[in-house]
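Asks: Need coordinates for the following:
(one chain, ligands or ions: 2)
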Amino acid sequence: NIPKKIELIEVGPRDGLQNEPKAISTASKKELIRQLADAGFSRMETAAFVSPKWVPQMADADEISQFCNDLGITYIALTPNLKALERAIQANVPQIAVFIGASSTFNQKNINKTTDESLLETEKMFRLAKEQGIFTRAYVSMSFACPYQGNVSFEELNYVCRRFVELGADEIDIGDTNGYANPKIVYDRFARLKDLYPDTVFVGHFHDTRKMALANTLAAMQAGIDKFDSSIGGLGGCPFSPGATGNLATEEVALMLSEMGVETGLKLEEISKIVPFAKSLSSRLQPV
Ligand code: HMG
Ligand code: MG
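Replies: Residues are numbered from 1 along each chain as shown. Ligands and ions are numbered 1, 2, ... in the order given. Predicted structure coming up:
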């Protein structure tokens with residue numbers, strides 16, 4: 001029942017770098033994106049139009065987007081509010097992502113709004129994005145558990161998912177922001193969501209805090225999910241979620257899928273060559 005082909009979406013240039021305490025040069029980010037494009041990624045998340053006061057590392061979203069346009073790649077940029085969407089439209093971004101917490105406490109800490117307030121804003125944003133022909137990704141953060149509220153119920157996750165489906169999200173990305181999930185809950189939740197919304201495209205976004213991201217990926221594949229976010233070198237973490245660490249590592253999941261005979265279109269050797277450079281950008285990880 002496992003999909004024969006998987007799309008891996010590289011989120012390292014965004015999720016991987018956003019939480020880095022030391023400033024990373026725009027030139028280094030461009031180099032990372034260029035190398036990832038050469039390794040075969042057809043889609044990447046490369047920037048966030050967020051407040052530079054909140055997330056200084058993403059302050060160069062305009063310049064990075066211009067670079068991605070020139071490079072001719074398909075890329076996603078985070079847009080938490082209408083102002084962000086206006087910035088993304090100005091920058092000719094092809095795909096945007098809203099991100100809303102199934103836990104309202106987290107949403108408040110992350111984007112200074114309740115979950116309901118963010119959903120209301122999403123309605124306006126998706127209308128405008130669709131008028132502009134922009135692809136819409138919709139993240140649910142804290143889909144399993146949250147450092148502020150503890151366990152998140154399926155009903156809380158589904159509350160946000162249902163709204164995203166109604167608003168016509170092109171894909172819904174289920175985020176395990178802090179790496180609290182395990183393969184059983186992952187399988188159960190994805191299977192239930194696919195039952196409820198058979199025509200909706202779901203993506204898995206696993207953080208590897210407790211080293212279960214690979215197992216969670218496999219469990220989601222068993223539930224029929226064929227799109228996953230990963231980050232080169234396992235970089236990553238959310239600044240407003242205490243304890244969140246790196247994402248599912250691209251090189252690990254690409255290797256697992258290759259060994260299983262699952263097609264990704266990626267060049268494994270090229271990917272492994274990028275890992276030391278990616279890690280050198282992080283003050284938390286040492287190059288291998
Ligand atoms: P706020 O302070 O509530 O905004 O921030 P505001 O509307 O009150 O405006 C205050 C000032 O910010 C104003 O400027 C606005 O113009 C400006 P002033 O008049 O004072 O000069 N402003 C902006 N500037 C630039 N870009 C914008 C923008 N909006 C307002 N878009 C805001 C609200 C959403 C901006 C803020 O909370 C923010 O930037 N949060 C960032 C959150 C973030 O980036 N988190 C990490 C990404 S989420 C994640 O990692 C999880 C994920 O990976 C999935 C998973 O793992 O589950 C996606
Ligand atoms: Mg994340």
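
Asks: So the residue of the chain found nearest ligand 1: helix, strand or coil?
Replies: In the chain, the residue that lies nearest ligand 1 is Gly175 (2.3 Å; CB to the nearest ligand atom). Where C-beta positions appear, they are placed from N, C-alpha and C, glycine not excepted. Three-state assignment for Gly175 (DSSP: H, G, I helix; E, B strand; the rest coil): strand.

Asks: Please work out how many residues are found near it.
Replies: By the measure other CB atoms under 10 Å, the count of residues near Gly175 is 26.

Asks: State the pLDDT value of Gln286.
Replies: Listed pLDDT for Gln286 reads 54.

Asks: try Arg189
Replies: Reading off the model, Arg189 has pLDDT 98.

Asks: What's the local residue count around it?
Replies: As a burial measure, Arg189 scores 24 neighbours (other CB under 10 Å).

Asks: give me every residue that touches it.
Replies: Contacts for Arg189 were tallied using CB atoms under 8 Å, 6 or more residues apart in numbering; they are 143-144, 154, 157, 174.

Asks: sorry, back to before: in the sheet, who's paired with the residue of the chain closest to ligand 1?
Replies: His205 (DSSP bridges).

Asks: got any ranges where the chain has weak pLDDT?
Replies: Under the criterion pLDDT under 70, the flagged ranges of the chain are 285-288.

Asks: Point out the residues in it that sit beside ligand 1.
Replies: Taking CB under 6 Å from any ligand atom, the part of the chain that reaches ligand 1 is made up of 15, 18, 48-51, 54-55, 78, 80-81, 83-84, 99, 110-112, 139, 141, 175, 177, 205, 207, 238-240.

Asks: what does stretch 204-223 contact?
Replies: With CB under 8 Å, 6+ apart as the test, stretch 204-223 has contacts from 1-3, 6, 11, 139, 173-184, 186-187, 190-191, 194, 225, 227-229, 234, 236-237, 243-249, 252-253, 256.

Asks: 7 Å instead?
Replies: 1-3, 139, 173-179, 181-183, 186-187, 190-191, 194, 225, 228-229, 234, 236, 243-249, 252-253, 256 (CB atoms under 7 Å, 6 or more residues apart in numbering).

Asks: Kindly report the same for stretch 119-139.
Replies: Applying CB under 7 Å, 6+ apart, the set of residues contacting stretch 119-139 is 76, 79, 81-82, 85, 89, 93-100, 163-164, 167-173, 175, 205.

Asks: buried set for that stretch?
Replies: 119, 121-122, 125-126, 129, 134-139 (16 or more other CB atoms under 10 Å).

Asks: ditto for stretch 90-103
Replies: Buried positions in stretch 90-103, judged by neighbour count with 16+ other CB under 10 Å: 91, 93-103.

Asks: Tell me which entries of these lie within strands.
Replies: Among the buried residues of stretch 90-103, the members falling in strands (DSSP state E) are 95-101.

Asks: Identify the farthest-apart pair in those residues.
Replies: Maximum pairwise distance in those, criterion CB to CB, is 21.0 Å, between Gln95 and Gly101.

Asks: need the helices for the stretch 1-150 of the chain, in chain order.
Replies: With DSSP state H, counting those that start in this stretch as the criterion, the stretch 1-150 of the chain has helices at 26-38, 61-71, 82-90, 104-111, 115-131.

Asks: Can you tell me which of those is most buried?
Replies: Most buried of the helices of the stretch 1-150 of the chain by mean neighbour count (mean count of other CB atoms under 10 Å) is helix 104-111; its value is a mean of 21.

Asks: Give me the helices and strands touching that one, please.
Replies: strand 95-101, helix 115-131 (3 or more CB pairs under 7 Å, 6 or more residues apart in numbering; DSSP states H and E).

Asks: what about Asn1, how many neighbours?
Replies: 6.

Asks: can you check Val201 too?
Replies: Under the neighbour criterion other CB under 10 Å, Val201 is assigned a count of 15.

Asks: now Val253
Replies: With other CB under 10 Å as criterion, Val253 counts 26.

Asks: got the angle between the helix or strand containing it and helix 26-38?
Replies: Under the criterion of DSSP states H and E, Val253 resides in helix 250-259. Here helix 250-259 runs at an angle of 0 degrees relative to helix 26-38 (axes from the mean of the first three to the mean of the last three CA atoms, to 10 degrees).
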